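Peer 1: Sequence first, then the predicted structure, then my questions.
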Amino acid sequence: MIGPEILLVVTNLPDRASAERVAASLVTEGVAACVNVLAECTSIYHWQGKLEHASEVPLLIKTTRAAYPRLESALRKLHPYEVPEIIALPVTAGLPEYLNWVAQETQARDRT
């Protein structure tokens with residue numbers, strides 16, 4: 001791949017308010033170029049021996065592999081779950097101008 005390696009990171013938050021708070025913080029900190037706050041969904045999973053049904057708000061986070069360690073650290077601190085879902089998927093193709101913008105927005109620099 002030519003240029004920066006872009007990642008799409010997926011996580012879920014328990015409600016819209018916390019999802020928007022986390023999304024804004026990730027963009028403000030410069031660890032994400034853009035975060036999509038999606039519509040509420042239902043997640044079904046086993047946790048601590050019980051079948052759970054939870055309403056959650058998914059986030060789609062655009063970042064780079066270089067910024068991922070900072071993003072994961074920030075997300076772990078901001079996330080209310082004991083074990084948050086944090087899944088990073090490689091972006092194998094995309095509009096070059098958009099991918100370059102993601103890279104520029106997530107470069108480590110002073111954000112003040």
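Peer 2: Perfect, I can see it now.

Peer 1: contacts, neighbours, all on C-alpha from now
Peer 2: Fine.

Peer 1: Let me know the outermost residue of this structure.
Peer 2: Gly49 (27.4 Å; C-alpha atoms, centre = their mean).

Peer 1: and the gap between it and Ser43?
Peer 2: Separation of Gly49 from Ser43 (C-alpha to C-alpha, to the nearest Å): 16 Å.

Peer 1: cool, and Glu20?
Peer 2: Computed as C-alpha to C-alpha, the Glu20 to Ser43 distance reads 19 Å.

Peer 1: repeat for Ala88
Peer 2: Distance from Ala88 to Ser43, by C-alpha to C-alpha: 19 Å.

Peer 1: Can you show me the helices along this structure?
Peer 2: Using DSSP state H, the helices found in the chain span residues 16-28, 68-78, 96-105.

Peer 1: Geometric centre of this structure: which residue is closest?
Peer 2: Nearest to the geometric centre of the chain sits Ile61, at 3.4 Å (C-alpha atoms, centre = their mean).

Peer 1: In contact with that residue, which residues?
Peer 2: Counting by C-alpha atoms under 8 Å, 6 or more residues apart in numbering, Ile61 makes contact with 8-10, 32-36.

Peer 1: That'll do, ta.
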